[in-house]
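Visitor: Got a predicted structure plus its sequence, pasted below:
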Amino acid sequence: MGDIEDHIEVYERKEEIKNLKRERVDRDSDIFKVRDEVFDQSTRLTLFKLMNNGYIESLNGEIATGKEANVFYGKDGEGKEIAVKIYRIATSNFNKMYEYLVGDPRFYYTKKDKRSTVFSWAKREFKNLKIASEVINVPKPILTRNNILIMEFLGKNTKAYPTLKDNKSRDPEKDFNIIIENVDKLYKAGLIHADLSEYNILMGKKIYFIDFAQGTIKDSIMAQDFLKRDIENITRYFSNYIEVPEVNETLKGILNE
């Protein structure tokens with residue numbers, strides 16, 4: 001009988017832990033006072049499963065809110081800092097997302113419904129981050145599950161590094177050159193950020209690119225247009241502080257190398 005009682009005790013303990021983790025998901029949602037469209041029932045269930053598997057131990061505050069997603073500071077089961085990006089399903093502009101996805105050979109067969117589109121969008125950012133992490137500084141991707149992406153946390157003392165928009169460059173010429181070099185490295189690796197600006201470049205000990213969901217592979221028919229747009233955005237920003245090359249000159253230098 002001892003073995004049976006031990007098994008029952010272990011089972012009850014596991015169920016107790018599961019219930020505690022489920023309560024934590026609900027409690028954290030209330031603490032953040034985030035709208036239901038972020039922590040909907042489907043997202044809570046995904047978070048619960050990720051907690052059970054040790055990928056997330058806790059969520060401790062919101063880092064950023066974007067057009068499509070909310071990013072939270074958290075820790076995994078080993079106490080390591082992580083960033084948890086949750087793509088909103090209810091309020092997503094899934095038609096725009098879908099247009100980007102079907103133009104990407106990797107996601108051409110995505111079903112045209114909101115949930116499938118948002119899930120593919122999160123997976124696309126994960127794949128793009130994996131490519132980018134090989135050649136430039138980005139948050140290293142850890143895992144994607146449905147509409148949730150877990151990444152390396154970039155910051156200090158629980159605070160994320162500031163964006164270029166919020167923390168102006170101390171050495172604009174040097175930083176401009178580093179950013180263009182990163183754009184070049186990405187292109188050589190077969191990827192264009194496609195939404196690069198001062199809002200998604202972090203200024204920490206190094207310069208980091210973030211927000212890669214719109215990232216487009218080089219084989220896309222829109223690749224060069226997106227590349228030019230990225231260069232235009234960076235050139236526009238730094239032209240307020242230094243003399244910068246013409247956009248077409250920079251573009252030609254990347255395409256002809």
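Guide: Nice, thanks for sending it over.
Visitor: how many other residues sit next to residue 98?
Guide: When neighbours are defined as other CB atoms under 10 Å, residue 98 has 21 of them. Backbone N, C-alpha and C define where each C-beta goes, glycine included.
Visitor: For it, give me its contacts.
Guide: Shown in contact with residue 98 (CB atoms under 8 Å, 6 or more residues apart in numbering): 110, 112, 117.
Visitor: you'd agree residue 221 is in a strand?
Guide: No. Judged by DSSP: H, G, I helix; E, B strand; the rest coil, residue 221 forms no part of a strand; its state is coil.
Visitor: number of nearby residues for it?
Guide: Applying other CB under 10 Å, we find 8 other residues in the vicinity of residue 221.
Visitor: With only the CA atoms kept, save stretch 195-209 in CSV.
Guide: Once non-C-alpha atoms are left out, stretch 195-209 reads as follows in CSV (Å, rounded to 0.1, in the frame of the first residue of the first chain):
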residue,chain,number,x,y,z
ASP,A,195,10.5,47.9,-40.2
LEU,A,196,13.8,49.4,-39.0
SER,A,197,13.7,52.8,-37.3
GLU,A,198,14.8,54.6,-34.1
TYR,A,199,11.9,52.9,-32.3
ASN,A,200,13.2,49.4,-32.6
ILE,A,201,16.9,49.8,-32.0
LEU,A,202,18.0,49.4,-28.4
MET,A,203,21.0,51.3,-27.0
GLY,A,204,22.7,49.2,-24.4
LYS,A,205,26.4,48.1,-24.0
LYS,A,206,25.9,47.2,-27.7
ILE,A,207,23.4,48.2,-30.4
TYR,A,208,20.6,45.7,-30.7
PHE,A,209,17.8,45.4,-33.4
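Visitor: just how off-centre is it within its chain?
Guide: 13 Å (CA atoms, centre = their mean, to the nearest Å).
Visitor: could you give me the average pLDDT of it?
Guide: On average, the pLDDT along stretch 195-209 is 96.
Visitor: Likewise for stretch 174-192?
Guide: 97.
Visitor: Extract the CA atoms of it and return them as PDB.
Guide: Taking only C-alpha atoms (Å, rounded to 0.1, in the frame of the first residue of the first chain), the coordinates of stretch 174-192 have been written out as PDB:
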ATOM      1  CA  LYS A 174      29.900  55.800 -35.200                       C
ATOM      2  CA  ASP A 175      26.400  54.500 -34.400                       C
ATOM      3  CA  PHE A 176      25.100  55.300 -37.900                       C
ATOM      4  CA  ASN A 177      27.900  53.300 -39.400                       C
ATOM      5  CA  ILE A 178      27.300  50.300 -37.000                       C
ATOM      6  CA  ILE A 179      23.600  50.300 -37.800                       C
ATOM      7  CA  ILE A 180      24.200  50.400 -41.600                       C
ATOM      8  CA  GLU A 181      26.800  47.600 -41.200                       C
ATOM      9  CA  ASN A 182      24.200  45.600 -39.300                       C
ATOM     10  CA  VAL A 183      21.700  46.100 -42.100                       C
ATOM     11  CA  ASP A 184      24.400  44.900 -44.600                       C
ATOM     12  CA  LYS A 185      25.200  41.900 -42.400                       C
ATOM     13  CA  LEU A 186      21.500  41.000 -42.300                       C
ATOM     14  CA  TYR A 187      21.100  41.300 -46.000                       C
ATOM     15  CA  LYS A 188      24.100  39.000 -46.600                       C
ATOM     16  CA  ALA A 189      22.500  36.500 -44.300                       C
ATOM     17  CA  GLY A 190      19.400  36.700 -46.500                       C
ATOM     18  CA  LEU A 191      17.200  38.900 -44.300                       C
ATOM     19  CA  ILE A 192      15.800  42.400 -44.300                       C
END
